[in-house]
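*Asks:* Just the structure for this:
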Amino acid sequence: MGRRSRRRLGAWPAAVLSLVATLALIGPAPARADVINPRQQWLRDSQAGLFLHWGMRTSPGYTSCSAWEKAVTDGGWKPDYWVAEARKLHASYLVLASFHSRLGYARAWPSAVPGSCSTKRDFLGELIDAANAQGLKVMLYMTDDPQWHAEGGHEWLDSAAYSAYKGHDVDLTTRDGFGEYSYDNFVEVMRKYPKLSGFWIDNDNDYWIDHGLYEKIRADRPGWLLSNNNEDTPI
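*Replies:* Alright, predicted model coming up:
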């Protein structure tokens, strides 16, 4: 401890110094992070995972959802290819990151929730089945960020369609509006894909917190893993 640090501590009240000394002896409170839950065991045992950042803006880029889907299908997309590549890397899981803020918010699966690109072909379902057949897990990337809604000079979010679906005005380019939209997507995915292994979430959204999203995931899919790029909360 340097001279300046000693002077600062010497100026503290005795009660504060006593508390600091006590905390130093007993250590921090036991961690409540979900990383200790048995549902996380497979991730702790994993050597690697394969992130698939892939969407409408992947080169050469498309602004039409149907044109993108046709190009992918005509190009011979097969889930087994990505599973085989993951196995070459000794990866235990894949993360599908098509619903990405800078890739056109594309949902590579059929959805009844309007608001951004959703394919008729179920790429997500195919990937889950192919991965599970080889003993690999699949997680789905979800973003909370609408700020790139006009990335590349094209509007990727359809607020009018989503508003009509919800029966009230929702601006998907705002954080609250996008929070509501993405919340509905979380719920739909949970219902449709029970073999999914969890969500890889980018940041957080107040709408999710205010409406108990994480609690709902825990209740509806208690075995699913939740990972977050920039948040660390007990749930």
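*Asks:* Tell me which stretches of the protein form helices.
*Replies:* 3-10, 14-26, 41-44, 65-74, 79-88, 123-133, 159-166, 175-192, 206-210, 213-220 (DSSP state H).
*Asks:* wait, which of these is closest to Val113?
*Replies:* Closest of the helices of the chain to Val113 is helix 175-192, at 4.9 Å (criterion: C-beta to C-beta). Heads up, the C-betas are built off the backbone N, CA and C, glycines and all.
*Asks:* So which residues make contact with that closest one?
*Replies:* Helix 175-192 is touched from outside by 99, 107, 109, 111-113, 115, 124-125, 140, 142-146, 157, 159, 162, 166, 170-172, 196, 199, 205-208, 211, 213, 216-217, 220-221, 224, with contacts defined as C-beta atoms under 8 Å, 6 or more residues apart in numbering.
*Asks:* can we see that at 6 Å?
*Replies:* If you take C-beta atoms under 6 Å, 6 or more residues apart in numbering as the criterion, helix 175-192 is touched by 113, 115, 146, 162, 170-172, 205, 207-208, 213, 220-221.
*Asks:* and that helix, which residues are buried?
*Replies:* 177-186, 188-190 (16 or more other C-beta atoms under 10 Å).
*Asks:* Lowest mean pLDDT among the helices and strands of the protein, which one is it?
*Replies:* Every helix and strand of the chain was ranked by mean pLDDT, DSSP states H and E. The lowest is helix 3-10, at a mean of 38.
*Asks:* got the contact list for the residue nearest the centre of the chain?
*Replies:* Geometric centre of the chain, nearest residue: Ile201, 2.3 Å, by C-alpha atoms, centre = their mean. Counting by C-beta under 6 Å, 6+ apart, Ile201 touches Met142, Asn228.
*Asks:* tell me what the lengthiest strand in the chain is packed against?
*Replies:* Longest strand of the chain, by residue count under DSSP state E: strand 137-143. Under the contact criterion of 3 or more C-beta pairs under 6 Å, 6 or more residues apart in numbering; DSSP states H and E, strand 137-143 touches strand 93-97, helix 123-133, strand 198-202.
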